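**Student:** Got a sequence here, can you build the structure:
(3 chains)
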Amino acid sequence: MSDPAPDNRPTDTSPKPGGIAARAMARGAGYLDTLNPEQRLAVEETEGPVLVLAGAGTGKTRVLTTRIAHLLASGRARPWQILAVTFTNKAAREMKNRVGDLIGGVVEGMQWLGTFHSIGARMLRRHAELAGLNPDFTILDTDDQIRLLKQIIQAANIDEKRWPARQLAGLIDHWKNRGLGPDDIAEADGRAFADGRGRALYTAYQERLKVLNAVDFGDLVLTPLTILRTHKDVLADYHQRFRYMLVDEYQDTNVAQYLWLRLLAQGNRNVCCVGDDDQSIYGWRGAEVDNILRFEKDFPGARVIRLERNYRSTAHILGAASHLITHNEGRLGKTLFTEISDPDDDRVTVASSWDSEEEARAVGEDIEELQRGGHSLNEIAILVRASFQMRAFEDRFVTLGLNYRVIGGPRFYERQEIRDALAYFRTTVQPADDLAFERIVNTPRRGIGDASVKLLHDRARAESIPLMQAAADLLQTDEINKRARISLTNLMTSFARWRQQVDALPHTELAEIILEESGYVEMWQADRSADAPGRLENLKELIRSMDEFDSMTGFLEHVSLVMDADGGGDGDAVNIMTLHSAKGLEFDTVFLPGWEEGLFPSQRTLDENGRAGLEEERRLAYVGLTRARRRAIVRFAANRRMHGLWQSSVPSRFLDELPESHVTVREEESNYGGYGSAAYGASRFDTSDPFASPYATPGWQRAKRNRGSEPRGRSRHEGPLSSGPKLIEGDLVAKSVIGGSSDFTAGERVFHQKFGYGAIALIDGNKLTIDFEKAGRKRVLDSFVERP
DNA sequence: TAATAGAAAATTTTT
DNA sequence: TTTTCTATTA
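**Tutor:** Residues are numbered from 1 along each chain as shown, chains lettered A, B, ... in the order given. Prediction:
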């Protein structure tokens, strides 16, 4: 959370409860009057466990915020007696603001309103000693985590190539998400990495973290959980403290978060969870839909309230989304409805393109058309499955001169220059922060290369001391070469100097001094590359943003928890983002490109998680559709370029699952081969019982049938109408030969559907480099070319 | 030790 | 296609 203030603040400075109540009463508790009966029930049912199943667009946030306002205004709780958890900082911020609006003023003292991670961090700082940490521990981000694990793997003499740190990080995260410490890992599970050494590495990692006085993201939930489990007095204290608990997006909780909540809720059982099982899209990072599905079992006597009245979308959009999601098993079941029904409402549009570039072109045209009709660009969103899809749209919009903004793109705090600068600050404030120190010892280059760093490491490890300490010790000897010695001495004195100034100077000033004196700014000034000026600008922005905090420590705390991207562009612009980051947002018009098998649903998810993965992808589709207020345009392309080579694709099975009655298929002249309703006809829509078999639809059946080895090239002889099926085969055949070698020979003349005729220049397995007569040199998979 | 060239790998989603 | 890592050379 963005609140760096120490823990004891609220009790003395926040307004008396009477004050809040009085303020709210003065506005005449009217906040209840605007709610519908279900919402009102969800707000007023304050005692005991409550599960609010809030479908998309049913006023979920409104219920949560009104509930908090109600608890405060009715005098049931003071601000600091309410625990309110969200997943994102954005949601926390919004909640705080909206409660403030309801109460009529800024809410003070709601220190337990925040993300799981920020609240976990707060708890952990209060009881750090119980976990063997200092209260000023640092929070490592993923990057630090992986660098640390890399060191541990290397120290254990394990081939880092064969057992990448990234994979171990994933494994450890997975364990932590399930609430498992190193000692809880079953013998068998521990074998999952490096021939059975997974558990040992996990243990080593945790020990190393303790030495560094650091925690990772997973620890922010797991360690507080462990503390609550093992210290009854602490738990009792929180039981007394939290009169009411609220949880947003309950469907996204993982096991550790769930256990933490359950433990806390055992106190007075006043827990209210709000969520939507149909919008659970974070299973891949440990979320357990099961948590929401079995709420009533966990909390006997729980009241379940369904919010099904949708205030956002047209009947067509709701109809399409609702029908799609019925193909999932294992849901609590809700049916969204709207009372607004206008015969002029557009149906959900399905359209297709030849390739991703044409897809972008078509969307661009649609947007310009809407714009001419007075549609605000801010109210338009393009929601993609994977971020690489964004590029085609960006390219197109740049040529069109169409304003756009990418939401959730590269994060400010993840940029190299920002991380470097932060490492300097961290080392200054926390001399024991080895990871930060290591990051900048030789940035900018100062002659302290791998050899010298290794010396430091050996020394530090041998004596179990921080790198800084080891450096100081080593400088007393003559083990390091001259050049390194001189600059290391310099660096050490600089840090000592900066450290002295921490309390003397304003932190923004000190930050400037550090970046200046370390030569870091100079390094970028000397850099002639195109992005150097931008980086310098970012550094300035970083210092500007520090102004809002009252100390360096407070700022660093904020940074590690709030990885939010900055404000985003202003003015009127189209929004481009992934489906995941679109959750919780809404737009008048939503474009959903790339509905193709393999991309959406993602092949990887399908491979790794099977049916559960497919259902999660389907929920993602549901989330996408329900972002739209008025218009949803679903698209797929017949060809897509991935990793620099072309692949063709089958329309997504989700298209088959859209109900005919709410969808229109649009044919576009710009389609080269008439790949419109000819190949993708109304017959493919799902008019059957959704539970029968989602895969019984014609399109999917055909694709499945063709997976084998049907002769290729047939459709070329059948005229333009069936150019579609040919591509389907191309894709499926392509998959079956990946890794094999090609039966083409160099120099051979071949035909490609997109590029025409050409000669093979180079063969690399099944990847061909071909000099095309018209399109020039391209790399393609061999299954996409034919002998003429 | 640093710079460079060349090869290999990788591409989902994020607190 | 792009990025990231590695090995080589100055």
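**Student:** now the host helix or strand of residue A:757, how far from the centre of its chain.
**Tutor:** Residue A:757 belongs to strand A:756-764 when assigned by DSSP states H and E. Mean C-alpha position of strand A:756-764 versus that of the full chain (C-alpha atoms, centre = their mean, to the nearest Å) differs by 40 Å.
**Student:** Export only the CA atoms of that strand, formatted as PDB.
**Tutor:** Provided in PDB are the C-alpha atoms of strand A:756-764 (Å, rounded to 0.1, in the frame of the first residue of the first chain):
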ATOM      1  CA  GLY A 756       3.100 -16.900 -53.600                       C
ATOM      2  CA  TYR A 757       6.000 -18.600 -55.500                       C
ATOM      3  CA  GLY A 758       9.600 -18.700 -54.400                       C
ATOM      4  CA  ALA A 759      12.800 -20.700 -54.200                       C
ATOM      5  CA  ILE A 760      14.100 -22.400 -51.000                       C
ATOM      6  CA  ALA A 761      17.300 -20.700 -49.900                       C
ATOM      7  CA  LEU A 762      17.900 -22.500 -46.700                       C
ATOM      8  CA  ILE A 763      16.600 -25.400 -44.700                       C
ATOM      9  CA  ASP A 764      16.700 -25.600 -40.900                       C
END
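**Student:** doesn't residue A:649 make contact with residue A:352?
**Tutor:** No: with contact defined as C-beta atoms under 8 Å, residue A:352 and residue A:649 do not form a contacting pair (10.5 Å). (Glycine included, C-beta is placed from N, CA and C.)
**Student:** Which one's more surrounded, the two?
**Tutor:** residue A:352 (27 against 24; other C-beta atoms under 10 Å).
**Student:** Just to be sure, that one is in a helix?
**Tutor:** No: judged by DSSP: H, G, I helix; E, B strand; the rest coil, residue A:352 forms no part of a helix; its state is strand.
**Student:** Around DNA strand B, which positions in the stretch 451-600 of chain A sit nearby?
**Tutor:** For the stretch 451-600 of chain A, the residues in contact with DNA strand B (C-beta under 7 Å from any atom of the strand) are A:451-452, A:481, A:483-484, A:563-564, A:578, A:580-581.
**Student:** try it again with 6 Å
**Tutor:** Near DNA strand B, the residues belonging to the stretch 451-600 of chain A are A:451-452, A:481, A:484, A:563, A:578, A:580-581 when assessed by C-beta under 6 Å from any atom of the strand.
**Student:** okay, and the common contacts of residue A:352 and residue A:649?
**Tutor:** Common neighbours of residue A:352 and residue A:649, counting by C-beta atoms under 8 Å, 6 or more residues apart in numbering, are A:636-638.
**Student:** quick one on the thing from earlier: mind giving me the ChimeraX command for buried ones among the residues of the stretch 451-600 of chain A next to DNA strand B?
**Tutor:** Of those, the buried ones go into a single ChimeraX selection, burial set by 16 or more other C-beta atoms under 10 Å:
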select /A:452,484,578,580,581
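**Student:** quick one on the thing from earlier: ok, then the element right after the strand holding residue A:757?
**Tutor:** strand A:767-772.
**Student:** Report the mean per-residue pLDDT for that following strand.
**Tutor:** Regarding strand A:767-772, the rounded mean pLDDT is 73.
**Student:** Mind giving me the packing neighbours of the longest strand that chain A contains?
**Tutor:** Assignment by DSSP state E gives strand A:628-642 as the longest strand of chain A. Where contact means 3 or more C-beta pairs under 8 Å, 6 or more residues apart in numbering; DSSP states H and E, strand A:628-642 is packed against helix A:315-325, strand A:348-355, helix A:356-372, strand A:587-592, helix A:603-625, strand A:645-648, helix A:723-737.
**Student:** Of these, which is nearest residue A:179?
**Tutor:** For the helices and strands packed on strand A:628-642, the distance to residue A:179 is smallest for helix A:603-625, at 19.9 Å, taking C-beta to C-beta.
**Student:** any idea how far the closest one is from the chain center?
**Tutor:** Relative to its parent chain, helix A:603-625 has a centroid offset of 15 Å by C-alpha atoms, centre = their mean.
**Student:** tell me which residues of it are tucked away?
**Tutor:** So for helix A:603-625, counting by 16+ other C-beta under 10 Å, buried means A:605-606, A:609, A:613-625.
**Student:** Need the max-distance pair from those residues.
**Tutor:** Checking the buried residues of helix A:603-625 with C-beta to C-beta, the most distant pair is A:609 and A:625, at 21.8 Å.
**Student:** returning to what we had before: can you list the helices and strands packed on strand A:628-642 in JSON lines and add mean pLDDT?
**Tutor:** Formatted as JSON lines, the helices and strands packed on strand A:628-642 follow (pLDDT from 0 to 100):
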{"stretch": "helix A:315-325", "mean pLDDT": "94"}
{"stretch": "strand A:348-355", "mean pLDDT": "92"}
{"stretch": "helix A:356-372", "mean pLDDT": "94"}
{"stretch": "strand A:587-592", "mean pLDDT": "96"}
{"stretch": "helix A:603-625", "mean pLDDT": "90"}
{"stretch": "strand A:645-648", "mean pLDDT": "80"}
{"stretch": "helix A:723-737", "mean pLDDT": "28"}
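**Student:** how many neighbours does the closest residue to DNA strand B within the stretch 201-350 of chain A have?
**Tutor:** Relative to DNA strand B, the nearest point of the stretch 201-350 of chain A is residue A:284 (4.1 Å; C-beta to the nearest atom of the strand). The number of residues packed near residue A:284 is 15, by other C-beta under 10 Å.
**Student:** before we move on, what SS does it have?
**Tutor:** The three-state assignment at residue A:284 reads helix, by three-state DSSP.
**Student:** With residue A:109 instead?
**Tutor:** Assigned by three-state DSSP, the conformation of residue A:109 is coil.
**Student:** That one contacts residue A:81, doesn't it?
**Tutor:** No: with contact defined as C-beta under 8 Å, residue A:109 does not count as touching residue A:81 (9.6 Å).
**Student:** before we move on, back to that, now, which of the shared contacts of residue A:352 and residue A:649 sits nearest residue A:529?
**Tutor:** residue A:637 (34.2 Å).
**Student:** what residues does the stretch 51-200 of chain A put near DNA strand B?
**Tutor:** So the stretch 51-200 of chain A meets DNA strand B at A:87-88, A:115, A:117, A:142 (C-beta under 6 Å from any atom of the strand).
**Student:** Now the buried members of these.
**Tutor:** Buried members of these, counted by 16+ other C-beta under 10 Å: A:87-88, A:115, A:117.
**Student:** which ones among those residues are found in helices?
**Tutor:** Counted as lying in helices by DSSP state H, out of those, are residue A:117.
**Student:** Next, give me the two most distant ones among the buried ones among the residues of the stretch 51-200 of chain A next to DNA strand B.
**Tutor:** Distances among those were taken as C-beta to C-beta; the most separated pair is A:88 and A:117, at 10.0 Å.
**Student:** next structured bit after the worst-scoring helix or strand of chain A on mean pLDDT?
**Tutor:** Among the helical and strand segments of chain A, the one scoring lowest on mean pLDDT, DSSP states H and E is helix A:723-737, with a mean of 28. Counting by DSSP H and E, the element after helix A:723-737 in chain order, helix or strand, is strand A:749-752.
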